[in-house]
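A.B. asks: Whatever this is, show me its structure:
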Amino acid sequence: MLTVTGLDAFYGKKQILFELGLALPERSIAAVIGPNGAGKSTVLRAVFGLVPERHGRIDFNGRDISRATPAENIAAGIALVPQGARVFRDLTVGENLRMGGYTLAAGPLAERREAVLKAFPILQERSRQRAGALSGGERQMLAFAMALMLRPRLLLIDEPSIGLAPLLVESIFDTIRSIRDELGTAVLIVEQKAQQVLRIVDSVFVIRAGRLIGQGPASDFVGEDVLRRVYLSDHTTQANQREA
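C.D. replies: You can find the predicted model right below:
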C-alpha cells in the first residue's frame, strides 16, 4: 500500500531524514520507533505532505505522491492524527465529527458520523458534550474518529500515548488495533513507548539520527535487551534488517 524509497527530508537547510525506505502492506500496522530526536514524526509529516523540502519517492496504492499536498493526500485516502489529541475543544463531539467529514455532503456525512460513533461507543454517549470536557483518552479517541470520517485507507498516528496514564495507553493501543481489524485501515504509528506498541503491530522500523537502522517483524524486537542493543548500536544497519 505504501512504499517510501530514498527519502530525504529537510527543515530549511537542516536535513532530518537520510535515504529512508519502508513499505507497509494493506491491512497491517507498523511502528516507527527510535530515540528522541531521531526524526520519527518527520517520517509521517513527509508522507502526508507537510514537509515541503523532501526528495526520494513515496508511492501510495501504486501512485506517486512524492509531491502531493496534504489536501491531495486526504482525497487519496490518507489521514494524519498528530500529537496531542488535537480536537476543537469548544465544539461538541458531534460537531468535531462534522468537521472531520467537512468534504462530505449532508447525507454521506450523517452516515459516516453514525458509523464512526458505533465504532467508538464512549463517544456516542458523549456526542452532545464539549470536547474540552472529555478525558485525555476520550479526546484521543475523538481525534481518531475525526480522522476516520473520510474513510481513509491509511492512518498515520503520531505519539498517541503522550500525556496518558498507563491504563489509558493500553486502551488507546487496543483501539488502534480494532481500527485495523474492523475497518481494514492500514496504520503507520510513531510511538516512544516501544515495548507497549510492539504488542499491537505487525512490523517495526527503527530510525536513529534520521536513518533506518533496523526493521523486521515485531517479534524480532520484543524484550528490553533487544531494543537497547538496537537503539544504542553504532551501526547504520542491523543484522536482522531485511527487505520490507
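
A.B. asks: Could you use CA atoms for every contact and neighbour count after this?
C.D. replies: OK.

A.B. asks: Okay, strands next: where are they in the chain?
C.D. replies: 2-11, 14-24, 29-33, 53-60, 63-64, 78-81, 154-158, 186-190, 203-208, 211-217 (DSSP state E).

A.B. asks: Which elements pack onto the second one?
C.D. replies: The contact analysis (3 or more Cα pairs under 8 Å, 6 or more residues apart in numbering; DSSP states H and E) places strand 14-24 against strand 2-11, helix 40-48, strand 211-217.

A.B. asks: among those, which is the most enclosed?
C.D. replies: helix 40-48 (a mean of 24; mean count of other Cα atoms under 10 Å).

A.B. asks: Direction-wise, compare that one with strand 53-60 and give the angle.
C.D. replies: 70 degrees (axes from the mean of the first three to the mean of the last three Cα atoms, to 10 degrees).

A.B. asks: Let the chain start at 19 from now.
C.D. replies: Taking 19 as the first residue, the last one we looked at is helix 58-66.

A.B. asks: model confidence over helix 58-66, on average?
C.D. replies: If you average the pLDDT over helix 58-66, you get 97.

A.B. asks: what angle do it and strand 204-208 make?
C.D. replies: Going by the same axes, to 10 degrees, helix 58-66 makes 140 degrees with strand 204-208.

A.B. asks: circling back to that earlier point, how about the helices and strands packed on strand 32-42 in TSV, adding distance to Glu177?
C.D. replies: As requested, those are exported to TSV (distance: least, Cα to Cα, whole Å):
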stretch	distance to Glu177
strand 20-29	20
helix 58-66	8
strand 229-235	19
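
A.B. asks: so which of those gets nearest Pro100?
C.D. replies: helix 58-66 (8.9 Å; Cα to Cα).
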